[in-house]
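Engineer: mind folding the following:
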Amino acid sequence: MSKTILQAVIAAIGIACACAAQADSVTGNFLSKNGAPSASGGSVTFTLAADGTVSASLVSTSGYVVGFGYDSTAILPQSGFQPAGQPSITSGWGTSSYGFFASGFVTNTPHPTSLSWTIGTPGSFTSVSEVLGGPNATWDFFLYSGSNEWGAVAVAVPEPASFALMGLGIAALGLARARRQA
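Structural biologist: Reported below is the predicted structural model:
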């Protein structure tokens, strides 16, 4: 085996190992307002944290956040998003014109336009897909900002491990070709 091919294989394995430790992530842009296509009402991102929780961040460009939901298969524990002195119901939005959202929150006092919180407890998840994927909604995310209802579909950010696996495959093909030519 040539030194160059061996170096390429070792590099690809190193990339795969390094990338496998990185978090996966999904983002949703709120592009449907009250059931019709619209300019963005904001965005939400869910990212798998190293401790097995999911870090969530929400930005509303359409005003204060009154409620937020995401299509999950169960009511999931959440923490850290609640500003002091603001009451909230953390069991989800329930039914909206966008479907049923088991997890999320509803508040009697509007939240700021930018929020961050944690979903689950350490060790709860190995992928963001375990948080999303409920069978009940057309939309993966729901934002209620006063009188406006916004829906968003999650767009997966490709996991770095997928690219590393593709690199390993290309390296293996190169190795096979080099062996045939030798």
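Engineer: helix, strand, or coil at residue 129?
Structural biologist: Three-state assignment for residue 129 (DSSP: H, G, I helix; E, B strand; the rest coil): helix.
Engineer: elements contacting the strand ranked longest in the chain?
Structural biologist: Ranked by residue count, the top strand of the chain under DSSP state E comes out as strand 103-111. Using 3 or more CB pairs under 8 Å, 6 or more residues apart in numbering; DSSP states H and E as the contact criterion, the secondary-structure elements in contact with strand 103-111 are strand 65-70, strand 88-89. (Each C-beta comes from the backbone N, C-alpha and C, glycine too.)
Engineer: that strand: which residues count as buried?
Structural biologist: Using 16 or more other CB atoms under 10 Å as the test for burial, strand 103-111 gives 103, 104, 105, 106, 107, 110, 111.
Engineer: swap in stretch 130-137?
Structural biologist: For stretch 130-137, a neighbour-count test (16+ other CB under 10 Å) marks 130, 131, 132, 134, 137 as buried.
Engineer: same check on stretch 72-79?
Structural biologist: In terms of neighbour count (16+ other CB under 10 Å), stretch 72-79 has its buried residues at 72, 76, 78.
Engineer: can you check stretch 35-42 too?
Structural biologist: The neighbour-count criterion (16+ other CB under 10 Å) identifies 41, 42 as the buried residues of stretch 35-42.
Engineer: neighbouring contacts of that stretch?
Structural biologist: The set of residues external to stretch 35-42 that reach it, using CB atoms under 8 Å, 6 or more residues apart in numbering, is 29-33, 58-62, 97-98, 113, 143, 145, 148-151.
Engineer: so how far is that stretch off the chain centroid?
Structural biologist: On the basis of CA atoms, centre = their mean, to the nearest Å, stretch 35-42 is displaced by 19 Å from the centre of the chain it belongs to.
Engineer: for the remainder of this discussion, apply numbering that starts at 7.
Structural biologist: Let's use 7 as the start, then, which means that last one is stretch 41-48.
Engineer: gap between the two ends of it?
Structural biologist: For stretch 41-48, the first and last residues are 15 Å from each other (CA to CA, to the nearest Å).
Engineer: before we move on, the earlier item: give me the lowest-pLDDT entry from the buried residues of stretch 78-85.
Structural biologist: Across these, no position has a lower pLDDT than residue 84, which has 78.
Engineer: quick one: contacts for that residue?
Structural biologist: Under the criterion of CB under 8 Å, 6+ apart, the contact partners of residue 84 comprise 62, 96, 109, 111, 123, 124, 125.
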